[in-house]
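Enquirer: structure, please.
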Amino acid sequence: MAEGDSTDHWMPLFFALKDLAEQKRKDAHAIRNPERGSLPALSKRARSTAEAEARPFDDLAQCLEAEAQELTERLEAVTDKRKELELAKEKALEASKAPSAGVISAEFQAALARFRISVQRYWNATLVGPDVRKFLVHFLEILKLISYLICEKPNAAEGAAFIEMNARVLRPLAVVSTLTRTTERLTEAQMVDLEQACKAFGDAYRQSYEKLLTPKAQIIEVHVAPIVRRLNG
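Expert: As a prediction, this is how the structure comes out:
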């Protein structure tokens, strides 16, 4: 925090309030308990008078202590708010350095084009049919190309994390795609591979994207393998 932003310059006021409150407490005590030496104790009437004289000092001390406490709470609130603003500024700065969604989309399109994969404008700019299969064959190379833009080349660890986050989902999906397109009867080993891939796809989807599966993704996880096993006979 910059020197001009510090709340330390308010601390002398806080200590002054506390010291003044303590002094008023001492004044009240002195009025109630005067040093009388060998003189007899105060009469009941004198004690009542002393109590009446001391009470305003107690009240003032209480007010000063309340002011000091309120000052402390306000300073803490200001400090917390400044920390929130600093964190927001840092996040905004990081966001400004990241490529925009439009740039990432353009890079994705360019990566697809390198492998002669095209999106279908009449299908909401999605991949269909043969293009899906080509994407699942080359997904690792495509992810590497996109990671260079998103994570910057010097940040190898972040780039690897981005690739793995998506690859763990696409890897079992590629197995599902291959085994569900075959025209031959699956062996028991292939059937087990399909069942494991369907489950791994659902688990990886939740782990990577931290959200519920889409209806189509849920069909892959839950229904595809049992249907194939039943039809495989």
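Enquirer: CA atoms for contacts and neighbours, from now on please.
Expert: Noted.
Enquirer: if we ignore the residues flanking it in sequence, what's nearest residue 136?
Expert: The shortest distance from residue 136 to any non-neighbouring residue, by C-alpha to C-alpha, 6 or more residues apart in numbering, is to residue 174 (5.4 Å).
Enquirer: residue contacts, that neighbour?
Expert: 133, 136, 137 (C-alpha atoms under 8 Å, 6 or more residues apart in numbering).
Enquirer: from those residues, pick the one nearest residue 46.
Expert: Nearest to residue 46 among these: residue 136, at 97.6 Å, using C-alpha to C-alpha.
Enquirer: my read: the closest one touches residue 170, true?
Expert: Yes: look at residue 136 against residue 170 with C-alpha atoms under 8 Å: they come within range, at 6.9 Å.
Enquirer: so how far is the helix or strand of the chain with the lowest mean pLDDT off the chain centroid?
Expert: Using mean pLDDT, DSSP states H and E, helix 101-114 stands out as the lowest-scoring helix or strand of the chain, at a mean of 72. Mean C-alpha position of helix 101-114 versus that of the full chain (C-alpha atoms, centre = their mean, to the nearest Å) differs by 28 Å.
Enquirer: buried sites along that helix?
Expert: Applying a neighbour-count criterion of 16 or more other C-alpha atoms under 10 Å, one finds 104, 107, 108, 109, 110, 111, 112 buried in helix 101-114.
Enquirer: just give the number of residues close to residue 181.
Expert: Number of residues near residue 181 (other C-alpha atoms under 10 Å) recorded here: 8.
Enquirer: distance check, it against residue 196.
Expert: 17 Å (C-alpha to C-alpha, to the nearest Å).
Enquirer: packing partners of the top helix by length along the chain?
Expert: Determined from DSSP state H, the single longest helix within the chain is helix 44-97. Helices and strands touching helix 44-97, by 3 or more C-alpha pairs under 8 Å, 6 or more residues apart in numbering; DSSP states H and E, are helix 11-32.
Enquirer: relative to helix 44-97, how tilted is the helix it packs on?
Expert: Using axes from the mean of the first three to the mean of the last three C-alpha atoms, to 10 degrees, the inter-axis angle of helix 11-32 relative to helix 44-97 is 170 degrees.
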